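Visitor: coordinates only, no sequence provided:
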């Protein structure tokens, strides 16, 4: 038990979490309107329920970030730490923590390229982020 | 098509705001409702419509009435702007004759407040909350660096918001933070969530406030202490789950669209507005608001504030109670922005601006999830 919060998968998101357990990032993709995130039972643009899940590259760029000095549940031993928004190369945006760089404002910038790795947290594999080429893991 | 004019005839905050450990959330709502009704010369039994973010059935019981109109809309801190908007529709259509919009929250002392539980099956629960989001200060704030980066601004862009609003708060005896601040004071205050220091984050407080609305026709027959304040226009938009799901991290669609509808329904534009309230849980929100509402161009909001335009004596007095940052922030602050707008239009604010005949009140709810806008004017 880390005390960190765990996502509760739903029927709409089960495939997402099954794929992260394999070390892969997948999302639903509508043929005509593109990626659907968060996962839903329909495409919010055209209303279609006929679409497939596709794999993403797991690479993106930091769209925004903060450095929190107050710990969220289970993060008490880690302050300060980064919380970042990543715009994936394919378009969708994910939240995560950034590892593999010093936790200071000068070590991070908007636009910095990052790649996904996965944190195993009590049976759930969460996408996390590190600079391209970093070997850091959790 | 011309609609019946709807007016605010009663407005009051709870007797005490700030750190008040002996009043419950419901107590703040009912206490302020009784004060607002007294302000309008009405009794609880005159009320047939209620709105609030607490359980409306509990509010009805506590107020001792059986309302035929109840609105429990809860989209976070701007819910009260939506309640006003919905009350206008209800009063115009005859669903109610007198509506009381109530806010009460024991945000600091947590008296009679439900525990704050997170649903980890929602989009935010699955994709935002697991990553060490300690509070709104580490999630609502997260788009800010995208904004600063886009316009080549540094961290001090945020500090000017707190500095300007501290000048108003110093004139407000009920403000929690009353000290006039310098940029240095703000930048040297305790780091909470870089780039946000504690003086760029709202305090968490206890308090309440209520508004009483009715038709202008009925108000004309009432013996009122103050001239009615007209609800000239309103707008609302629910954008979605929260800050990571925004379409554009540097602009808030719900601000743009709710304000545009409020201006359109009021038949006004930015040049008609004498006084502005923009919900400010954190210092970046007025920057987004000034730009999204159209008062300044993209990337210009911080320089506009720095120039003194929104400070005492400026061309666009904004957040004249000191805002959520300085005045009080119970958690769902929107009611206090509405109260200050009514005071300015009545001429009763401790930080009164001369000649205010119109006020624009913009609320945000749930960390860039929803927005509500209300345009008020003198009758």
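Guide: Received it, and whenever you're ready, just let me know what you need. Note that the coordinates shown come from a computational prediction; the quantities given were computed from them, not determined experimentally. Numbering: from 1, shown residues only, chains lettered A, B, ... in the order given.
Visitor: for residue 54, give me its contacts.
Guide: As the question left the chain open, I've gone with chain A. A:26, A:27, A:28, A:29 (C-beta atoms under 8 Å, 6 or more residues apart in numbering or on different chains). (Glycine included, C-beta is placed from N, CA and C.)
Visitor: can you look at chain B instead?
Guide: So residue B:54 contacts B:25, B:26, B:29, B:102, B:104 (C-beta under 8 Å, 6+ apart).
Visitor: which SS class is residue A:138?
Guide: Secondary structure, DSSP: H, G, I helix; E, B strand; the rest coil: residue A:138 is coil.
Visitor: what's the closest non-adjacent residue to it?
Guide: In this structure, residue A:138 finds its nearest non-sequential neighbour in residue A:119, 4.4 Å apart by C-beta to C-beta, 6 or more residues apart in numbering or on different chains.
Visitor: let's verify that neighbour: helix, strand, or coil?
Guide: Put simply, residue A:119 is strand when judged by three-state DSSP.
Visitor: contacts only, for it.
Guide: A:125, A:126, A:128, A:138.
Visitor: again, only using 7 Å
Guide: Counting by C-beta atoms under 7 Å, 6 or more residues apart in numbering or on different chains, residue A:119 touches A:126, A:128, A:138.
Visitor: closest to residue B:33 out of those residues?
Guide: Proximity of those to residue B:33 (C-beta to C-beta) peaks at residue A:126, which lies at 45.2 Å.
Visitor: around chain A, pick out the residues from chain B.
Guide: By the rule C-beta under 7 Å from any C-beta of the partner chain, the part of chain B lying against chain A is B:120-121, B:123, B:125-135, B:137-138, B:141-146, B:149, B:191-194, B:244, B:249.
Visitor: can you select the buried ones among these for me in ChimeraX?
Guide: ChimeraX command restricting these to the buried ones, with burial defined by 16 or more other C-beta atoms under 10 Å in any protein chain shown:
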select /B:123,125,126,127,128,129,130,131,132,133,134,135,137,138,141,142,143,144,145,146,149,191,192,193,194,244,249
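Visitor: strands - which of the residues of chain B next to chain A land there?
Guide: Secondary structure from DSSP state E places B:191, B:192, B:193, B:194 of the residues of chain B next to chain A in strands.
Visitor: quick one: the first one and residue B:155, what's the gap?
Guide: To residue B:155, residue B:191 is 11 Å away according to C-beta to C-beta, to the nearest Å.
Visitor: cool, the second one as well?
Guide: Separation of residue B:192 from residue B:155 (C-beta to C-beta): 13 Å.
Visitor: in which helix or strand would I find the residue lying closest to residue B:52 once chain neighbours are set aside?
Guide: Leaving aside its chain neighbours, residue B:52 sits nearest to residue B:102 (4.1 Å; criterion: C-beta to C-beta, 6+ apart). Here residue B:102 sits within strand B:98-106, counting by DSSP states H and E.
Visitor: strands paired with that strand, and their directions?
Guide: Strand B:98-106 has its sheet partners listed here by DSSP bridges as strand B:49-52 (parallel), strand B:206-215 (antiparallel).
Visitor: pick the most deeply packed of these.
Guide: Among these, the stretch with the highest mean neighbour count (mean count of other C-beta atoms under 10 Å in any protein chain shown) is strand B:206-215, at a mean of 29.
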